[in-house]
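Visitor: here is the input, now give the coordinates:
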Amino acid sequence: VIKTFKATMSKLLEFEAKHVQMLGADVEATSLSKLKQTLLKREPETRCLIVNFDPGLVALLREVKYFMIADLEVPVVAQELYSSMETYRRITGSLDLIVNSYNNILATMLPVEAPLIAGHIADIDKKVRAGLEIMNWKSHGIESFLDECSNKVNRTSHVLSVLQGNVKEVEKLLLDWCKQPLIVRNTKPSEVKAYMEQSKDYMHTIFEKIRKDGITVHELLSQSNKILRVSKGLPDWRAYVDYVSGIVIKGMAKLVALSLRFLNEQLDKNVINEKHKTPMLEIDLGLVGDKISFTPPIYPADRKSVV
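Guide: From the prediction side, this is the model:
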């Protein structure tokens, strides 16, 4: 038994030494080639950036880690590579943030926004070119490169965020407009004069809100223009203003459509019967001599009518 045990242990030690030697060879070959790759690469079709830290290098670092945890002999070259693991982790983490933010800009910007931030994206592309063509994982100045790229990307991301955030604020205003129609309806029939006065006050309140919201829309556009730092006469900016104006027009059209549907429900006899609606207006019917009289008066459609 002892003899067999010694023979087995000898084979295991031989196996271990062989794999330690293989690990050292793998580390040397892999690290030399993989660490000379550029920091970044770009997808030709989408122009999105990719962090170019080879998965094989990740697997190798993980294997070295397990060797050290198991208290196995680790080649010097592998120890040197592993000692830099935290540095590579920090670099890849920073690059991931830059790349994700940059790719998100490309993915979320609208065609009407693209010309307005094209200069910002060009600045980023100019800055990351070093990471695409020159700098590798053993280059000097990586920290400075990361800081400069991060500042450029964060600035552009902030500009786009303000543009899109302001449009969302405009859309919120328009949603408020469509919460109620332009026509008021009481639970009980109203006298025509009283109803007209109530409607006048009601419409004044709604139009006053629309007027104030219009001022807010102009302020939001001014804020967007200020952060973009472009001339208000620039064709691309004017196209963007038309885009926002189109959103406002659609909101107003929805309000009109909502009001017309509401009015139709008040006049549709089938809806009235189905929902047991009471009349909107109170009109007195009387007999004056041999003629029927309405108070307030009701005239033919081709004449000016009170009702």
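Visitor: tell me the helices in this protein, going along the chain?
Guide: Taking DSSP state H as the criterion, the chain carries its helices at 2-34, 55-69, 76-83, 85-108, 114-133, 142-177, 192-228, 235-267, 269-275.
Visitor: so which of the ones you listed comes closest to Lys291?
Guide: Proximity to Lys291, assessed across the helices of the chain by C-beta to C-beta, is greatest for helix 192-228 (20.1 Å). (Glycine included, C-beta is placed from N, CA and C.)
Visitor: state the mean pLDDT of stretch 45-52.
Guide: In this model, stretch 45-52 has a mean pLDDT of 94.
Visitor: just stretch 212-225 next, same as before
Guide: The average pLDDT within stretch 212-225 is 96.
Visitor: list the buried residues in that stretch.
Guide: Within stretch 212-225, the residues scored as buried using 16 or more other C-beta atoms under 10 Å are 213, 217, 220-221, 224-225.
Visitor: also stretch 165-174?
Guide: 166-167, 170, 173-174.
Visitor: same check, this time on stretch 89-107
Guide: 91-92, 94-95, 98-99, 101-103, 105.
Visitor: quick one: low-confidence parts of the stretch 201-307 of the chain?
Guide: The stretch 201-307 of the chain contains residues with pLDDT under 70 at 299-307.
Visitor: the buried residues of stretch 165-174 into JSON lines, with extra columns for distance to Gly56 and pLDDT?
Guide: Listed next are the buried residues of stretch 165-174 as JSON lines, based on distance: C-beta to C-beta, whole Å; pLDDT from 0 to 100:
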{"residue": "Asn166", "distance to Gly56": "46", "pLDDT": "97"}
{"residue": "Val167", "distance to Gly56": "45", "pLDDT": "97"}
{"residue": "Val170", "distance to Gly56": "50", "pLDDT": "96"}
{"residue": "Leu173", "distance to Gly56": "54", "pLDDT": "94"}
{"residue": "Leu174", "distance to Gly56": "53", "pLDDT": "94"}
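Visitor: can I get those in TSV including distance to Gly131?
Guide: Below are the buried residues of stretch 165-174 laid out as TSV (distance: C-beta to C-beta, whole Å):
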residue	distance to Gly131
Asn166	32
Val167	32
Val170	38
Leu173	42
Leu174	43
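Visitor: what's the farthest-apart pair in those?
Guide: Within the buried residues of stretch 165-174, Asn166 and Leu174 form the most distant pair, 13.2 Å apart (C-beta to C-beta).
Visitor: so what's Lys41 up against?
Guide: 49-50, 52, 132 (C-beta atoms under 8 Å, 6 or more residues apart in numbering).
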